[in-house]
Structures are given as structure tokens and as C-alpha cells.
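Enquirer: Below: sequence and its predicted model.
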Amino acid sequence: MATTIFHPADKRGHADHGWLNAHHSFSFAGYYDPQKVHFGALRVLNDDIIAGGMGFGRHPHDNMEIITIALEGALAHKDSMGHEQVIYPDDVQVMSAGSGITHSEYNHDPKQPANILQTWIFPNKENVKPRYDQRNFDRAGRLNQLQTIVSPIDREDEGMKIHQDAWMYRATLEAGRSLTLKAHSADHGFYIFLIDGAVNAGGQQLGKRDAVGISDAETVDISSTAQSELLIFEVPV
């Protein structure tokens, strides 16, 4: 029988630093909830609004798979591997921090706010050589279907590669449309984060920024009652 954990949007951790308005789906920085430390290999899902011209100064990471998606605005990235790139909406950035990197992230626009989703996934291999990748994913490729944006490094598919047996998908569902998630392994679960819209996911109603974690289920059905944007994780639990 499936196990379901509902994470309503208004119960997320929240920190407003003026330049940064952040909502945390899992325990992060000054927010701690023992019931929300992680969902399997998914450790962080931060929904950040960054004021114009502001951002995160150079800071370190190691042994984490870091995936960043820009929803609105653009994020300027610079790292110790020599990459200087801007992340725009529909772009996905993947960093395998591995043995250690430093990087900075700033709102590329000096005046308008930027909204990003930053996610961290525990790796299944530590101290790998750090690596960086960034790619734009066509919106048409996720209309009423799953668009694979991240997948295991040993899989030959369209996903950007991470060191974990995990997948990330985006989907845009028109009102009245549906799709079915099928787990790659019996020990995997799904974490479904509704960016916008209204859906029923595995029997749980979700509104904007709500999320549900579902484990012990071979398949999960998702149906929309409004135009909806989803971010979906399949991770070992």
C-alpha cells in the first residue's frame, strides 16, 4: 500500500532576508523540522526569490548533486571550475560538487526579481571530480507528457547526468489531462512539487507550491483540473 506525505505550501520553512525571500520544503539553514529533513535521496528543495542585483557570494559545496531551475528572471553563475554562465527560464543547471567546488549566484537583472528552484540530491558516489552542465529544455517537450531533465549518469537518455539512481521531470498539463508515473525500482519514491495550477496526484489534491511524497507505489496517476506546471523527482527512499 502506498505511503503518502503531504507538504502544503504554507507549511514550508520561510525566511525573508530582504534581498532573499526563501521557502524551504525541507530543513535548511535556520529552518528545522524533524519530519522534513529529506525525502529519500532528495535533501533540499528551495523556492527562492532574489532581489535585483543581489545574490549568494562565493561559497563551497562538496559531495552533493545540485540542480537549479530558473522560473522567472535569470541567474548569473560563476564557479571555481571556470564557468561563467547565465541561467534563464527553461534552462537546467547541474553541478556535481564531488570533491569540492566554490561558486556564486547573483540575479542577472539589476532591478527585477528572479525566482529559482534549487534542489540538492545526495550522491551515490563520493569525492568524484566536480562537473558542470547546463541545458535549455523546450517547453513543447513537456506539454501533457513527462520531460526528463535529470537522470543517472549511467543511463543513455535525454536527462542531464547526476551521480545517483534518480530522475527529475518537468510536465505541463492542460486542464483535464493526465499522466502516469512508473517507478524504475521498487525502492524508489516520487516527490511531486506543483509549481502552479491544480492537480490530483495519487489521490492527494495539490495547489500552487504544494507537494506530496509517495513511496511504496509502482505507479502514480496525476490528473489536472487547471493548467498546471509540475516538477517531479523519482529518488531512492
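Expert: Cool, got the structure.

Enquirer: SS state for the closest residue in space to S80 that isn't next to it in sequence?
Expert: Counting by CB to CB, 6 or more residues apart in numbering, T102 is the residue found nearest to S80 once chain neighbours are left out, at 4.5 Å. C-beta: built from backbone N, CA, C; applies to glycine. Secondary structure, DSSP: H, G, I helix; E, B strand; the rest coil: T102 is strand.

Enquirer: Count the neighbours of T102 for me.
Expert: Using other CB atoms under 10 Å, T102 has 16 neighbouring residues.

Enquirer: Could you tell me which residues make contact with it?
Expert: Contacts of T102 were listed using CB atoms under 8 Å, 6 or more residues apart in numbering, and they are 58-61, 79-80.

Enquirer: could you redo the last one with a cut-off of 10 Å?
Expert: 57-62, 78-81, 130 (CB atoms under 10 Å, 6 or more residues apart in numbering).

Enquirer: likewise P110?
Expert: Applying CB under 10 Å, 6+ apart, the residues near P110 are 51-54.

Enquirer: Could you tell me which of those residues belong to strands?
Expert: Using DSSP state E, no member of the contacts of P110 falls in strands.

Enquirer: So which of those residues wins on neighbours?
Expert: Going by other CB under 10 Å, A51 tops the contacts of P110 with 18 neighbours.

Enquirer: With the flanking residues excluded, which residue is spatially nearest to it?
Expert: W19 (4.4 Å).

Enquirer: Equivalent analysis for L206, please.
Expert: Per CB to CB, 6+ apart, closest to L206 is L194, 4.3 Å.

Enquirer: Just to check, that neighbour is in contact with F6?
Expert: No. L194 is not in contact with F6 according to CB atoms under 10 Å; the separation is 11.5 Å.
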